[in-house]
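Undergrad: Here is the input, now give the coordinates:
(chains A and B)
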Amino acid sequence: NAGVTQTPKFRILKIGQSMTLQCTQDMNHNYMYWYRQDPGMGLKLIYYSVGAGITDKGEVPNGYNVSRSTTEDFPLRLELAAPSQTSVYFCASQGAGWDTDTQYFGPGTRLTVL
Amino acid sequence: GENVEQHPSTLSVQEGDSAVIKCTYSDSASNYFPWYKQELGKGPQLIIDIRSNVGEKKDQRIAVTLNKTAKHFSLHITETQPEDSAVYFCAEVGSYDKVIFGPGTSLSVIP
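TA: Numbers count the residues shown, from 1 in each chain, chains lettered A, B, ... in the order given. Next up, the predicted model:
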């Protein structure tokens, strides 16, 4: 299993540009998450999904959108990039239930908005 | 709302000494407590976890303890090595499998 994969690894955007961060998992996990991590800080939840077709807002959803058309994929969309969105973005997946609570993280996407 | 406090925010220890990181949670329904290690430039990785029906769990040099009454859980690393240097996050999983992360502890092991 490849686990959780994210693309791209790095990206520089200009203010106002749009982009989609890709996330794919091959573990058949129901739960998927998007976090952002600012320098020296913890993880802040942007959006999450409990299954295909279901998404919900996390702690910091403004400026982002997500979709979950399949179990495997959970892309994050930035419509009008702003310097405040400069951060490292992590996608994670998780099984559901007592024996499958562990979150598995992707390697991250480092985004800079200039 | 749910919250996880984590202390200290930074910790420096000499190689070979022990390191202890403590977390406090608020959701009494939480039943699973994972610890993650994040090395520079990488995503967090699970290193050890504990469930609410267990008071202590050990894996080689790493151990975790849980006090459900006080809503405390701690990570203990013995015989620290330079490769233990990283940021460590505690987390709680409670209602509806929602995961709440602590703010992280930056551990430096000095050779």
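Undergrad: Please count neighbours and contacts with C-alpha atoms only from this point.
TA: Will do.
Undergrad: now the residue nearest the centre of chain A, nearest residue through space, not along the chain?
TA: Per C-alpha atoms, centre = their mean, the C-alpha nearest to the average position across chain A is that of A:Trp34, at 2.9 Å. Excluding its sequence neighbours, the residue lying closest to A:Trp34 (C-alpha to C-alpha, 6 or more residues apart in numbering or on different chains) is A:Cys91, at 4.6 Å.
Undergrad: what's near enough to touch the one you found?
TA: A:4, A:6, A:23, A:32-35, A:105-106, A:108 (C-alpha atoms under 8 Å, 6 or more residues apart in numbering or on different chains).
Undergrad: how about those in CSV, adding secondary structure and pLDDT?
TA: Shown next, in CSV, are the contacts of A:Cys91 (DSSP: H, G, I helix; E, B strand; the rest coil; pLDDT from 0 to 100):
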residue, secondary structure, pLDDT
A:Val4, strand, 95
A:Gln6, strand, 97
A:Cys23, strand, 98
A:Met32, strand, 93
A:Tyr33, strand, 94
A:Trp34, strand, 96
A:Tyr35, strand, 95
A:Phe105, strand, 93
A:Gly106, coil, 95
A:Gly108, coil, 95
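Undergrad: Packing partners of the helix or strand of chain A with the lowest mean pLDDT?
TA: For chain A, counting by mean pLDDT, DSSP states H and E, strand A:103-105 ranks last in confidence among helices and strands (a mean of 89). If you count contacts as 3 or more C-alpha pairs under 8 Å, 6 or more residues apart in numbering or on different chains; DSSP states H and E, strand A:103-105 packs onto strand A:87-94, strand B:45-51.
Undergrad: Figure out which of the ones you listed is closest to B:Lys71.
TA: strand B:45-51 (12.7 Å; C-alpha to C-alpha).
Undergrad: hang on, the earlier thing: can you say which of the helices and strands packed on strand A:103-105 is nearest to A:Gly51?
TA: strand A:87-94 (10.6 Å).
Undergrad: The closest one pairs with which strands, and in what direction?
TA: Paired neighbours of strand A:87-94 in the sheet (DSSP bridges): strand A:31-37 (antiparallel), strand A:103-105 (antiparallel), strand A:109-113 (antiparallel).
Undergrad: Pipe these into a markdown table and attach distance to A:Ile54 per row.
TA: Output for the strands paired with strand A:87-94, formatted as a markdown table (distance: least, C-alpha to C-alpha, whole Å):
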| stretch | distance to A:Ile54 |
| --- | --- |
| strand A:31-37 | 10 |
| strand A:103-105 | 18 |
| strand A:109-113 | 23 |
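Undergrad: Out of the ones you listed, which is closest to B:Pro8?
TA: Closest among the strands paired with strand A:87-94, using C-alpha to C-alpha: strand A:31-37, at 19.0 Å.
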